[in-house]
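Visitor: no sequence on hand, only this structure:
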């Protein structure tokens, strides 16, 4: 464990941000963004569908661009920054996604799994490492497991050859204490780097990232402009400014990040920062951030309060990849509602 | 005979209790007894089956492969049972394939012009053994290929998600189809007829959502509840595989029996 090692900034803007615009990111945006941040001091720029390589689907949303097109455009415009992808086993495969991505010049592969299922990442991490590239394990929805369980799963990722393990607060459900406990225990038990990826549902993304860093996390996974699913992510340029004030070396160029935020991301994020009353309910319920669009659609279609859908999804402990449950839950709530109104109608007749 | 690697495994002990001969010599035990064996169910892993397949073929043993190795003819009993039993190796695809292919087939037999099929399978973490986890990539690829093979739709996608919730969830398969002008009434009839066919060997197979249509996207969800006899009831994904495999074996045995009666 090396406390002096520099911080590594993983930029997920062009991946998580894709959720915020229904995976419609254009080649122009990718090219302009990559050029703008290439010398900003980032460790890697991660590009792709919001749910990662191979995730373009009716379940989560169809990408405007093919994965390989996104990677080619990014590669051509990143001269000094590593190109990264995110991949969830069960969505993407080695054959269809990792092999072509490596051939296109991908340097970093982040393998995302639900926080209790690390062993489905074995094949992918080993494959990437055996091809001389960097692999990291990402424990998604980390709030759903105890710190002890997270250690158990993270140790598996380390054993497979992951160079770091990032806790992903996919639902933006973290409290500062949860971050402190989880990061501290991972830092103590792992030999590899620990990272944190925040969502801003409860307005705590920058703060939680800072706490993770204080507890020894070296990988800061964040997005310029906070561009991301649901309420958005830890706003990278705000974190950068905060760290500068605290006198912590980041190696980041604040102005370059601010420019990218203002000139490239803000203009394409029509909803602006998506911190809404619903994102608060979503974070409280611990529901995967990218479900927001699906919940809004289902609420309209079945004429149900979207807050009730979020809370019921939370009760059912759904995980990332279960977007098809949204319609199921909305339909059930609609049926219960019509039954209730029928019952009260019948009662009124008695 | 039940043959594995460990006489103390729960499966091996269960078989022994039932009076089934057991061995810990894996494929070697089958080779020794080859003359007395007609059918082998291979429930190892995709990598192991690649080694077993040529051996079984050499001894003229009918192989029912429950791994996603894809050596033999892909079989989903409600679609192509009779055709499969004449091959020497039959592949049971994956549990996701057994759950979703019948629905995909029920849609495309009404609308062969379907342009895209996607399935999403969610299973309880507890029902996904190390075999499934080690083979998650083969699982995803094989399910996708099975969707194309059985529905004759070139563009398909398979997604698999594990859910660790307690109590464990039942297996859920959602099938999405893009159909230019769907006749939802006809699709509904076809899907429900298919549901009844599958229920003949997996009684807990139920359509829970749809088929419903919005903007040319037809959505159907089925849940698979297991019988809860040997495996727990949340392991419907395992029941649907084993019951499909048993159905293949029964049909094969019927046919072999027919031949020997005539002879």
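Guide: Structure's in. What do you need? Values in this document were obtained by computation on a predicted structure and should not be read as measured data.
Visitor: residues making contact with the strand or helix carrying residue A:188?
Guide: According to DSSP states H and E, residue A:188 maps onto helix A:176-189. Contacts with helix A:176-189, where a contact means Cβ atoms under 8 Å, 6 or more residues apart in numbering or on different chains, come from A:1, A:142-143, A:147-148, A:150-151, A:154-155, A:165, A:167, A:169, A:194, A:196, A:204, A:207-208, A:211-212, A:215-217. From N, CA and C alone the C-beta is placed, and that goes for glycine too.
Visitor: please list the residues of chain A that sit near chain B.
Guide: A:55, A:57-59, A:89-91, A:93-96, A:114, A:116-117, A:119-120, A:122-124, A:144, A:301, A:316-325, A:327-328, A:331 (Cβ under 8 Å from any Cβ of the partner chain).
Visitor: and the buried ones among the residues you listed, selectable in PyMOL?
Guide: In PyMOL, a selection of the buried entries from these looks like this (16 or more other Cβ atoms under 10 Å in any protein chain shown):
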select buried, chain A and resi 55+57+58+59+89+90+91+93+94+96+114+116+117+119+120+122+123+124+144+316+317+318+319+320+321+322+323+324+325+327+328+331
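Visitor: in helices only, show me the residues of chain A next to chain B.
Guide: With helices taken from DSSP state H, the overlap with those comprises A:122-124, A:301, A:324-325, A:327-328, A:331.
Visitor: ok now stretch B:163-173, how far from the chain's centre?
Guide: In terms of Cα atoms, centre = their mean, to the nearest Å, the centre of stretch B:163-173 is set 18 Å apart from its chain centre.
Visitor: what's the domain layout of chain A?
Guide: Listed by automatic domain parsing, the domain ranges of chain A are A:8-268, A:277-349.
Visitor: cool, and chain B?
Guide: Split by automatic domain parsing, chain B gives B:2-91+B:242-262, B:95-230.
Visitor: now the end-to-end length of the last one.
Guide: Going back to what we said before, that points to domain B:95-230. 17 Å (Cα to Cα, to the nearest Å).
Visitor: and what of stretch B:197-215?
Guide: 29 Å.
Visitor: quick one: mean pLDDT for that stretch?
Guide: Per-region confidence: stretch B:197-215 scores 89 on mean pLDDT.
Visitor: swap in stretch A:301-311?
Guide: Stretch A:301-311 comes out at a mean pLDDT of 90.
Visitor: residue A:253 is in contact with residue A:41, correct?
Guide: Yes - between residue A:41 and residue A:253 there is a contact under Cβ atoms under 8 Å: 5.5 Å.
Visitor: neighbour count: those two, which is higher?
Guide: residue A:41 (19 against 15; other Cβ atoms under 10 Å in any protein chain shown).
Visitor: wait, is that one part of a strand?
Guide: No - assigned with DSSP: H, G, I helix; E, B strand; the rest coil, residue A:41 falls outside any strand and is coil.
Visitor: what helix or strand does residue 102 sit in?
Guide: Using chain A here. Applying DSSP H and E, one finds residue A:102 within helix A:99-103.
Visitor: you looked at the wrong chain, it should be chain B
Guide: Counting by DSSP H and E, residue B:102 is found in helix B:95-108.
Visitor: show me where the chain has strands.
Guide: No chain was given, so I picked chain A. Along chain A, counting by DSSP state E, strands occupy A:8-11, A:44-46, A:82-87, A:108-114, A:134-140, A:164-168, A:193-197, A:219-222.
Visitor: ah, no, chain B please
Guide: Counting by DSSP E, the strands of chain B are B:2-3, B:22-23, B:39-42, B:62-65, B:73-74, B:89-91, B:116-124, B:156-163, B:171-178, B:205-214, B:217-224.
Visitor: looking at the domains of chain A, which has the lowest confidence?
Guide: domain A:277-349 (a mean of 82).
Visitor: please tell me how far it is from the chain's geometric centre.
Guide: The answer for domain A:277-349 is 23 Å, by Cα atoms, centre = their mean.
Visitor: kindly report the same for stretch B:115-123.
Guide: Chain-centre distance of stretch B:115-123: 15 Å, with Cα atoms, centre = their mean.
Visitor: give me the contacts around it.
Guide: A:57-59, A:321-324, B:95-96, B:99-100, B:104, B:107-108, B:143, B:147-148, B:151, B:153, B:155-163, B:169, B:171-180, B:237.
Visitor: pull out the buried members of these.
Guide: Buried among those (16+ other Cβ under 10 Å): A:57-59, A:321-324, B:95-96, B:99-100, B:104, B:107-108, B:143, B:147-148, B:151, B:153, B:156-163, B:169, B:171-179, B:237.
Visitor: enumerate the residues of the stretch 1-150 of chain B near chain A.
Guide: Counting by Cβ under 8 Å from any Cβ, the stretch 1-150 of chain B sits next to chain A at B:116, B:118, B:120, B:122, B:125, B:130, B:133-134, B:136-137, B:140-141.
Visitor: generate a PyMOL selection restricted to the buried entries among these.
Guide: In PyMOL, a selection of the buried entries from the residues of the stretch 1-150 of chain B next to chain A looks like this (16+ other Cβ under 10 Å):
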select buried, chain B and resi 116+118+120+122+125+133+134+136+137+140+141
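Visitor: which non-adjacent residue is nearest residue A:305?
Guide: residue A:299 (6.9 Å; Cβ to Cβ, 6 or more residues apart in numbering or on different chains).
Visitor: which ones are touching the one you found?
Guide: A:305-306, A:309, A:330.
Visitor: which of those ranks first by neighbour count?
Guide: Result: residue A:309 is most packed of those (other Cβ under 10 Å), 29 neighbours.
Visitor: any figure for the gap between the residue nearest to that one when sequence neighbours are not counted and residue A:170?
Guide: Excluding its sequence neighbours, the residue lying closest to residue A:309 (Cβ to Cβ, 6+ apart) is residue A:295, at 5.0 Å. Residue A:295 sits 15 Å away from residue A:170, going by Cβ to Cβ, to the nearest Å.
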